[in-house]
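S.K.: predicted structure and sequence below. I'll ask about it afterward.
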Amino acid sequence: MAPAHIGIVSCSTEGAALCYRTVSLYASERLGPWTHPEVSLHTHCLADYMEAIDRDDWDGVAALMLSSARKLQAAGADFLICPDNTSHIAFPQVAKESPLPWLHIAEVVAADAKAKGFRRIGILGTRYTMEGPVYPEKLGALGLEYRRPLPAEIDLLDDIIFDELVNGRFTAESLGSFQEVIGRLGRDEGCDAVVLGCTEIPLLVPPCLSPLPALDSTRLLAQAAVDHAIRLRP
């Protein structure tokens, strides 16, 4: 029997594209050449999300995610994922009203960090992710410590994400900036790993170029979705 149908609630293009691509490639490793679960993707445009985020309207973000969720339910999806870390600030509201179950990106990352024996995780992402509650809550629930970048580093990384990465621009200079922040988190804060907590960051910072072991939230979520779809197979 076929695996369950994965619904992807997208927000930004680059992260969602990497997630979809990973679903296909990883599933082929598990299931055989060219074989993957049925996948449907829906997104409202990033501008709609950013309008709500900029006015601190997380109910508005939840409404967009739920709109996508309902359309994906109508398309036949069995469960949902969202390859966007910032949007998960609105997840408690989404979970109350969602027509389908979800995998939570930060829960997937935290479980991987725990399984690999990491103890103190540096949080990278948008300003909203680095300063917000999503990763501290999920890491803390598994007994893991976390550290945030310094305020000036948060400003720099946030600018790179919104000015460059979501627009498909990946430069050596920005890679160097991320590497410097990651290196300092290891050297000064005692971090033994970092979460790439914006789904575009892995496109700029491949794990092989990270000064610390990198928890790639995009690919981890995609792989968890494939594993879950296989488990749900009748």
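M.R.: Received, thanks.
S.K.: surely residue 2 forms part of a helix?
M.R.: No - counting by DSSP: H, G, I helix; E, B strand; the rest coil, residue 2 is not part of a helix but coil.
S.K.: how close does it sit to residue 78?
M.R.: Distance, residue 2 to residue 78, using C-beta to C-beta, to the nearest Å: 11 Å. Backbone N, C-alpha and C define where each C-beta goes, glycine included.
S.K.: number of residues surrounding residue 93?
M.R.: Residue 93 is flanked by 16 other residues according to other C-beta atoms under 10 Å.
S.K.: that one against residue 58, yeah?
M.R.: Yes - counting by C-beta atoms under 8 Å, residue 93 touches residue 58, with 6.9 Å between them.
S.K.: residue 2 and residue 78: which is more packed in?
M.R.: Each of residue 2 and residue 78 has its neighbours counted (other C-beta under 10 Å); residue 78 has more, 18 against 13.
S.K.: name whatever forms a beta bridge with residue 9.
M.R.: residue 42 (DSSP bridges).
S.K.: run a quick neighbour tally on it.
M.R.: 28.
S.K.: what sits against it?
M.R.: Contacts for residue 9 (C-beta atoms under 8 Å, 6 or more residues apart in numbering) come out as 42-43, 65, 68-69, 72, 80-82, 84, 87.
S.K.: dump these to a markdown table, plus neighbour count and pLDDT.
M.R.: Output for those, formatted as a markdown table (neighbours: other C-beta atoms under 10 Å; pLDDT from 0 to 100):
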| residue | neighbour count | pLDDT |
| --- | --- | --- |
| 42 | 20 | 98 |
| 43 | 19 | 96 |
| 65 | 28 | 98 |
| 68 | 23 | 98 |
| 69 | 23 | 98 |
| 72 | 23 | 98 |
| 80 | 24 | 98 |
| 81 | 25 | 98 |
| 82 | 29 | 98 |
| 84 | 29 | 96 |
| 87 | 26 | 97 |
